[in-house]
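Trainee: prediction below, plus the sequence it came from.
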Amino acid sequence: MNDHREHGRELTTQEEFESIRLLAEGYSDTTPVATRYKDVVPAPTQPTVGNALPFAQHGRPPMSQKATDHATLVIVYTWGSLPVGGAISLVLWQLSSVSPMQLTFAGLGAAGVFIAIGAAARMIGRAFRDGASALPDHTVNQYTGTVYVQHTELHTNTRGLGRTNNQITDGQQ
């Protein structure tokens, strides 16, 4: 039998007995197959071959896949924010020579555009809902035997900027 003990430390009596027992158990036909094994020998702190000390390798440190993905996203978002920050800096540099009144009108104009787009989107959505509610319901039910049908409707009215009124009825108006 080839003995490779010169590459590592000497085994204690207990560790040697355990390794012999495991080998005998592995070659036995009557022993059930082990599904789990815990190595009782501690990992060496030094390399098993040679006397060089371990040192950190170049590149990213070893991490889990999730941590590596997160670090990559942080790097991408950091580089992605540079053009946006540069554009804002250029706009602010150009606006440094503008009067405060012109800045106020420019800010209100931009907010007005967003408000107009939001109002148009709400009106278009309301028009679609009203058009869909004007269509008749097409329901076909086929039953055999005694059937009890309970019909409940939910009516929602929204007024202003979020004032909502929900009314549940039994289908009789």
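Mentor: Now that the structure is in, tell me what you want to look at.
Trainee: use CA for all of it now, contacts and neighbours both
Mentor: Will do.
Trainee: what's the end-to-end length of stretch 139-151?
Mentor: Terminal residues of stretch 139-151 lie 12 Å apart, using CA to CA, to the nearest Å.
Trainee: chain center to it, what's the gap?
Mentor: Mean-position distance between stretch 139-151 and its chain equals 45 Å (CA atoms, centre = their mean, to the nearest Å).
Trainee: same check, this time on stretch 70-86
Mentor: Distance, stretch centre to chain centre, for stretch 70-86: 18 Å (CA atoms, centre = their mean).
Trainee: give the buried residues for that stretch.
Mentor: By neighbour count with 16 or more other CA atoms under 10 Å, stretch 70-86 contains no buried residues.
Trainee: CA atoms only: put it into CSV for me.
Mentor: What follows is stretch 70-86 as a C-alpha-only set of coordinates in CSV (Å, rounded to 0.1, in the frame of the first residue of the first chain):
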residue,chain,number,x,y,z
HIS,A,70,-24.6,42.3,-6.1
ALA,A,71,-21.1,43.7,-6.4
THR,A,72,-21.3,43.7,-10.2
LEU,A,73,-24.6,45.6,-10.1
VAL,A,74,-23.2,48.2,-7.8
ILE,A,75,-20.3,48.8,-10.2
VAL,A,76,-22.6,49.0,-13.2
TYR,A,77,-25.0,51.4,-11.4
THR,A,78,-22.0,53.6,-10.4
TRP,A,79,-20.7,53.9,-13.9
GLY,A,80,-24.3,54.4,-15.2
SER,A,81,-24.8,57.3,-12.9
LEU,A,82,-21.8,59.3,-14.3
PRO,A,83,-23.5,60.5,-17.5
VAL,A,84,-26.6,61.6,-15.6
GLY,A,85,-24.6,63.5,-13.0
GLY,A,86,-22.5,65.1,-15.8
